[in-house]
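S.K.: sequence-free structure coming up:
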């Protein structure tokens, strides 16, 4: 008998700097209701889903930056989302900027959580592949200061059992989806589904001549290849639209373990997409072409964990 | 100034069991001439390019199997190809079944070589990700006995400097292209271009309900994702067509570092495709989104080289 899970990706349109958390949570709540009306039992919200994508702004004053962070979760503002989800028996993924006191100091991470249908936070992830830069780039049309505002995640890549079916769910965030290492580690821990949120600018500030369609293509290519090459479901949810004039693409997708896009957002606004995922679909892939135990040759992979950057090393 | 290399993929149609090596080499020579007429300086031939894809046949007699292997390279039969390539100043990649005496015993590998424009064999690769099975599957429409007829390659994944431009060329074979580990190791050694040949059955004997179009999609998805995720050129050349009635898809491709297919075969026959590759195109990718030194976090990748198969390991 096939194990199934009805999943939704709840894409957010723009959140402007002036928008309150309360107004955003109201939008999340509306989308949770829409997902519930379709029978979805798992809703994937975006990365940094409670505020504008603030790393685009240079802020010298840490107190100003910290206004975009959450010191508790759930917070008074987000509690309505948690309560409604528990009432409906829906699990969810939510991304937010996390301010925490650890090792005797304030620490800041780009974080996501998995919340079980009973309202418990069962899993936390802190973004490992932080893109962007540290320094102010005054000539750029906008900044991408994730390397400044966040520390590199310190919790690794993990999977968690969720739902009555004990679905093995992994999570990551945005730029992590471009790195095959992200998905491979979770697949080696048994992941059947990996969920993630993202905020991806339509424009490449480092290479302005790159056409926007290529950037969407790279998003799709990464999600599809990582799904196929691990035989897992991938759910990727955008925050999209023009935030105070700065565009981010949408194109939220649910991708089958065959690498096929089975649901896709068509707007850059608040939009729910959903699919009834057959969790057994990936088994034939994981048991044949990607039967890791049978085919992986880790003795030839050593460089992947021994060397960080490129070292030109021709054999002749 | 951009560094460029004109490259061709020389796809082979069917080679039947009865076909002689001499007849095959004649076809390779014809395609080399066609590539030369287009100004190509590097020609990528398929995997096991000199014979039928013999791992589809169960053979109990090792002497019968060994008829498909080459004990020397170049051999008298392949010498015309080497001589013409040297005369034209063309480098090439060629796949063949290698029989060698090493460590005091006969050893058999699924091998490819890189031949420089001056005729020297500069690089050798022995296939690491051997697909298929060891045992006879009498119920299957055909066999896939690579795990029986070959040893796992023992030379690792490498890159070689080729041509006046010192292009860093990596090589792999067929099923290797599905594994991100293959390309990552070569990229960490500086690869700018990875070339490979393949023989991929149109039908999935392990999962007969898989539609043929999905199999071609997986081929393209793997080549495109690995190109993009390492910012490198990928050239992938098929042996295609119906060999004694057993179909293999074509769809040879040249893929840019952006992940875009820039040339593609449209037949399942002998067919040359070619492209003038700008070797600098991948630099913006390797220097920004996939700047490994800046973004890779090997401390979180350990499992990739520590664990071969899946071990279900939920964090909750």
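M.R.: Good, I have the coordinates. Model, not experiment: these values are computed from the prediction.
S.K.: thinking residue A:133 is in contact with residue A:205, fair?
M.R.: No: with contacts counted by Cβ atoms under 8 Å, residue A:133 stays clear of residue A:205, the gap being 9.1 Å. Just so you know, the C-beta spots here come from the backbone N, C-alpha and C atoms, and that holds for glycine as well.
S.K.: which neighbours do these two share?
M.R.: residue A:144 (Cβ atoms under 8 Å, 6 or more residues apart in numbering or on different chains).
S.K.: what's the burial count for residue A:77?
M.R.: 15 (other Cβ atoms under 10 Å in any protein chain shown).
S.K.: give me the spatial nearest neighbour of it, chain neighbours excluded.
M.R.: residue A:21 (4.2 Å; Cβ to Cβ, 6 or more residues apart in numbering or on different chains).
S.K.: and what of residue A:239?
M.R.: Closest to residue A:239 by Cβ to Cβ, 6+ apart is residue A:46, at 4.0 Å.
S.K.: what about the one you found, distance to chain B?
M.R.: Plainly put, residue A:46 is 19 Å away from chain B if you go by Cβ to the nearest Cβ, to the nearest Å.
S.K.: where does that residue land in three-state SS?
M.R.: Look at residue A:46: counting by DSSP: H, G, I helix; E, B strand; the rest coil, its state is coil.
S.K.: tell me which element residue A:254 is part of?
M.R.: strand A:253-255 (DSSP states H and E).
S.K.: which positions in the following helix or strand past that strand come out as buried?
M.R.: Counting by DSSP H and E, the next helix or strand C-terminal to strand A:253-255 is strand A:261-264. Neighbour-count burial for strand A:261-264 flags residue A:263 (criterion: 16 or more other Cβ atoms under 10 Å in any protein chain shown).
S.K.: quick one: average confidence on strand A:261-264?
M.R.: Confidence for strand A:261-264, expressed as mean pLDDT, is 98.
S.K.: quick one: strands adjacent to it?
M.R.: Here strand A:261-264 is paired, per DSSP bridges, with strand A:253-255 (antiparallel).
S.K.: if we can go back for a sec, quickly note the distance from the residue nearest to residue A:77 to residue A:73.
M.R.: 12 Å (Cβ to Cβ, to the nearest Å).
S.K.: helices or strands up against the helix or strand containing residue A:184?
M.R.: Remark: residue A:184 resides in helix A:180-188, with elements defined by DSSP H and E. With contacts taken as 3 or more Cβ pairs under 8 Å, 6 or more residues apart in numbering or on different chains; DSSP states H and E, helix A:180-188 sits against strand A:167-173, helix A:212-228, helix B:180-188, helix B:303-306.
S.K.: what about the helices in chain A?
M.R.: A:21-37, A:62-66, A:79-88, A:146-149, A:180-188, A:212-228, A:283-287, A:292-295, A:303-306 (DSSP state H).
S.K.: okay if I get these as CSV plus mean neighbour count?
M.R.: Below are those laid out as CSV (neighbours: other Cβ atoms under 10 Å in any protein chain shown):
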stretch, mean neighbour count
helix A:21-37, 17
helix A:62-66, 12
helix A:79-88, 17
helix A:146-149, 21
helix A:180-188, 26
helix A:212-228, 21
helix A:283-287, 18
helix A:292-295, 16
helix A:303-306, 18
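S.K.: count of neighbours near residue A:20?
M.R.: Neighbours of residue A:20 (other Cβ under 10 Å): 12.
S.K.: surely the residue nearest to residue A:239 touches residue A:198?
M.R.: Yes: using Cβ under 8 Å, residue A:46 is in contact with residue A:198, at 6.7 Å.
S.K.: quick one: residues contacting residue A:122.
M.R.: A:114-116, A:160, A:162, B:316.
S.K.: same question for residue A:71.
M.R.: Neighbours of residue A:71 in contact, by Cβ under 8 Å, 6+ apart: A:99-100.
S.K.: now do it against chain B, distance only.
M.R.: Between residue A:71 and chain B the computed distance is 23 Å (Cβ to the nearest Cβ).
S.K.: and that residue, what are its phi and psi?
M.R.: Main-chain dihedrals, residue A:71, degrees, to the nearest 10: phi -90, psi -10.
S.K.: repeat for residue A:61
M.R.: Per degrees, to the nearest 10, the backbone of residue A:61 is at phi -90, psi 110.
S.K.: just give me the neighbour total for it.
M.R.: As a measure of burial, residue A:61 has 8 neighbours, counting by other Cβ under 10 Å.
S.K.: closest one of the contacts of residue A:122 to residue A:191?
M.R.: Closest to residue A:191 out of those is residue A:160 (9.6 Å), distances taken as Cβ to Cβ.
S.K.: I'd assumed residue A:121 was in contact with the closest one.
M.R.: No: taking contacts as Cβ under 8 Å, residue A:160 lies outside contact range of residue A:121: 10.3 Å.
S.K.: shared neighbours, these two?
M.R.: residue A:114.
S.K.: for those two, indicate the residue with more neighbours.
M.R.: residue A:160 (20 against 13).
S.K.: before we move on, back to that, okay, among the contacts of residue A:122, which ones form the most distant pair?
M.R.: Longest span within these, Cβ to Cβ: A:115 and B:316, 12.1 Å.
S.K.: name the residue in these two with the higher neighbour count.
M.R.: Using other Cβ under 10 Å as the criterion, residue A:115 and residue B:316 rank with residue A:115 on top: 24 against 12.
S.K.: give the burial count for the nearest residue to that one once chain neighbours are set aside, as a bare number.
M.R.: Sequence neighbours aside, residue A:92 is the residue nearest to residue A:115 in space, at 5.1 Å (criterion: Cβ to Cβ, 6+ apart). Neighbourhood size, residue A:92 [other Cβ under 10 Å]: 24.
S.K.: any idea how far chain B is from residue A:92?
M.R.: For residue A:92 relative to chain B (Cβ to the nearest Cβ), the value is 16 Å.
S.K.: quick one, what contacts the closest residue in space to residue A:173 that isn't next to it in sequence?
M.R.: Distance criterion Cβ to Cβ, 6+ apart; nearest residue to residue A:173, sequence neighbours excluded, is residue A:127 at 4.2 Å. Counting by Cβ under 8 Å, 6+ apart, residue A:127 touches A:47, A:109-112, A:146, A:150, A:152-153, A:172-176.
S.K.: with residue A:80 instead?
M.R.: Contacts of residue A:80 by Cβ under 8 Å, 6+ apart are A:25-26, A:29.
S.K.: next: residue A:49.
M.R.: So residue A:49 contacts A:12, A:24, A:28, A:94-96, A:197, A:239 (Cβ under 8 Å, 6+ apart).
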